[in-house]
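Peer 1: no sequence on hand, only this structure:
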């Protein structure tokens, strides 16, 4: 790792943009593979290969959010060590490689759950560091556009890999270890590419408290209000996301689909929709009032939950997957980049660590609560309750549309 005392190579803004974008296009491929791990296959393996219980499934579903909980600490460590941001991100990706290798080499339920949680956590722990790089290297007027272009590649890679992996597991669920080796390889490639992205060390702040960013909730009203809305909406959405796999894979709900069919509904159909719509969402992000954009995305998530969990036919499941793809294509971009519209440029990683921390809080708690609640209420009732929560969160943002012209 390089110290700040080693001078950074001189580069124009145009060179920083083009180099970062070129490497990010390549990195999108292994990140697409890893997206299927957290979105589909880690939980599917737990359900069908290990017959895991509710607590183990909830832990795996919450794995990525454990990483988000740790992002304030990650930002502080990278800042204090004075290493380049991309090198810190590469180190985290290397740890993810080790986690998936352990999961593949030692196939017991306890080791699998712990390694899956740690591997998923490494994926999400990258977030504030990568977003700070985007802030530094991408021009504001093109940030959404460039992000959406690499998202298209990532989603295409996820769709292709999900199809192939779904076929593999449908042939024999015991072949899941090969999938874990592939996830480890994807992390290793991502680590190598991250090290090549030009970046600088994070701005040194006086406070050494990893939770120092919480003061922005006190001092920044817009940030505070948006975070409150995101907590309500996100809690509802994150309760239902892991239940999609439970609903399709567990025989007690009357579907018991094959891994290939589950991959089609959970990964492939939404990915195809995202391929088409991600550039459009990127264009809207660069030009549209952010609060209007956020409300639109929220309502799409609510509609996808209602359609998916209240319909009991293939038509309903497919339609729900399509609407979910619409929502995720916008939600992924808005969740990742919205901080760049609000935070001072040198504090983007700090602001982002607060955002990701609270995402982690709800992401850890929501699956635990969801898997307990479905023991006493039906899936359709859960879907209706969570959709209502999302509508309420959206209504809370309406006054902000008139108060702030955030584009």
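Peer 2: It's in. What you are looking at is a predicted structure, and each value in this text was computed from that prediction instead of being measured.
Peer 1: what residue ranges in this structure score low on pLDDT?
Peer 2: Counting by pLDDT under 70, the chain contains low-confidence ranges at 1-10, 206-207, 404-407.
Peer 1: find the residue at the geometric middle of it.
Peer 2: residue 124 (6.3 Å; CA atoms, centre = their mean).
Peer 1: residue contacts, it?
Peer 2: Counting by CB atoms under 8 Å, 6 or more residues apart in numbering, residue 124 makes contact with 38, 64, 65, 66, 67, 68, 71, 356, 360. (Each C-beta comes from the backbone N, C-alpha and C, glycine too.)
Peer 1: just among those residues, which is most surrounded?
Peer 2: Of all the contacts of residue 124, residue 356 has the most neighbours under the rule other CB atoms under 10 Å, reaching 30 neighbours.
Peer 1: mind checking how far that one is from residue 37?
Peer 2: For residue 356, the distance to residue 37 equals 19 Å [CB to CB, to the nearest Å].
Peer 1: show me what the helix or strand encompassing residue 229 is packed up against.
Peer 2: In this assignment (DSSP states H and E), residue 229 forms part of helix 221-249. If contacts are counted by 3 or more CB pairs under 8 Å, 6 or more residues apart in numbering; DSSP states H and E, helix 221-249 sits against helix 42-48, helix 54-61, helix 215-219, helix 259-263, helix 290-310, helix 339-342, helix 348-373, helix 379-403.
Peer 1: and the nearest residue to the residue nearest to the centre of the chain once chain neighbours are set aside, how far is that from residue 237?
Peer 2: Distance criterion CB to CB, 6 or more residues apart in numbering; nearest residue to residue 124, sequence neighbours excluded, is residue 67 at 3.6 Å. Going from residue 67 to residue 237 by CB to CB gives 18 Å.
Peer 1: cool, residue 105 as well?
Peer 2: Counting by CB to CB - residue 105 and residue 237 are separated by 34 Å.
Peer 1: same drill for those two, tell me which one is more crowded.
Peer 2: The neighbour count for residue 105 versus residue 237, taken as other CB under 10 Å, is higher for residue 237 (26 against 13).
Peer 1: okay, buried residues for the helix holding residue 229 please.
Peer 2: By 16 or more other CB atoms under 10 Å, the buried positions in helix 221-249 come out as 223, 225-227, 229-230, 232-249.
Peer 1: report the distance from it to the chain centre.
Peer 2: From the chain centre to the centre of helix 221-249 is a distance of 12 Å (CA atoms, centre = their mean, to the nearest Å).
Peer 1: do stretch 200-214 as well
Peer 2: Worked out by CA atoms, centre = their mean, stretch 200-214 lies 23 Å from the chain centre.
Peer 1: start to end distance for it?
Peer 2: 24 Å (CA to CA, to the nearest Å).
Peer 1: give me the residues contacting it.
Peer 2: If you take CB under 8 Å, 6+ apart as the criterion, stretch 200-214 is touched by 4, 8, 72-73, 75-76, 78-80, 82-85, 132, 136, 346-347, 349-351, 353-354, 357.
Peer 1: out of the residues you listed, which are buried?
Peer 2: 72, 75-76, 78-79, 83-85, 132, 136, 347, 349-351, 353-354, 357.
Peer 1: so how many other residues sit close to residue 53?
Peer 2: Residue 53 has 11 neighbours, counted by other CB under 10 Å.
Peer 1: equivalent analysis for residue 398, please.
Peer 2: 12.
Peer 1: ok, now residue 335?
Peer 2: With other CB under 10 Å as criterion, residue 335 counts 18.
Peer 1: 762 is where my numbering starts, stick with that
Peer 2: New numbering, starting at 762: the last item is residue 1096.
Peer 1: just give the nearest non-adjacent residue to it, would you?
Peer 2: Nearest non-adjacent residue to residue 1096 (CB to CB, 6+ apart): residue 1120, at 7.7 Å.
Peer 1: number of nearby residues for the one you found?
Peer 2: With other CB under 10 Å as criterion, residue 1120 counts 25.
Peer 1: surely it touches residue 826?
Peer 2: Yes. Taking CB atoms under 8 Å as the definition, residue 1120 is a contact partner of residue 826 at 6.6 Å.
Peer 1: just the helices in the stretch 812-961 of the chain please.
Peer 2: Ranges of helices in the stretch 812-961 of the chain, per DSSP state H, counting those that start in this stretch, are 815-822, 824-830, 832-842, 846-866, 870-886, 888-898, 904-932, 937-957.
Peer 1: distance of the residue lying closest to residue 1019 once chain neighbours are set aside from residue 1014?
Peer 2: Counting by CB to CB, 6+ apart, the nearest residue to residue 1019 once its immediate chain neighbours are dropped is residue 931, at 4.7 Å. Using CB to CB, we find residue 931 at a distance of 19 Å from residue 1014.
Peer 1: burial check on the nearest residue to residue 1002 once chain neighbours are set aside, number of neighbours?
Peer 2: Counting by CB to CB, 6+ apart, the nearest residue to residue 1002 once its immediate chain neighbours are dropped is residue 822, at 7.6 Å. If you count neighbours by other CB under 10 Å, residue 822 ends up with 30.
Peer 1: for residue 822, what are its contacts?
Peer 2: Listed by CB under 8 Å, 6+ apart, the contact set of residue 822 reads 804, 1002, 1003, 1128, 1132.
Peer 1: for residue 1107, same thing?
Peer 2: Applying CB under 8 Å, 6+ apart, the residues near residue 1107 are residue 964.
Peer 1: quick one: stretch 850-861 to chain centroid distance?
Peer 2: Distance of stretch 850-861 from its chain centroid, counting by CA atoms, centre = their mean, is 16 Å.
Peer 1: next: stretch 1103-1114.
Peer 2: For stretch 1103-1114, the distance to the chain centre is 18 Å (CA atoms, centre = their mean).
Peer 1: just stretch 927-938 next, same as before
Peer 2: Centroid displacement of stretch 927-938 relative to its chain, using CA atoms, centre = their mean, is 25 Å.
Peer 1: do stretch 879-899 as well
Peer 2: For stretch 879-899, the distance to the chain centre is 10 Å (CA atoms, centre = their mean).
Peer 1: again with stretch 855-862
Peer 2: Here the centre of stretch 855-862 is set off from its chain's centre by 18 Å, with CA atoms, centre = their mean.
Peer 1: who touches it?
Peer 2: 795, 798, 876-877, 879-880, 883-884, 941-942, 944-946, 948-949, 952.
Peer 1: ok, stretch 930-950 next?
Peer 2: Stretch 930-950 is contacted from outside by 788, 790-792, 794-795, 798, 802, 805-806, 809-810, 854-855, 857-862, 864-865, 868, 880, 883, 922, 926, 929, 1019-1021, using CB under 8 Å, 6+ apart.
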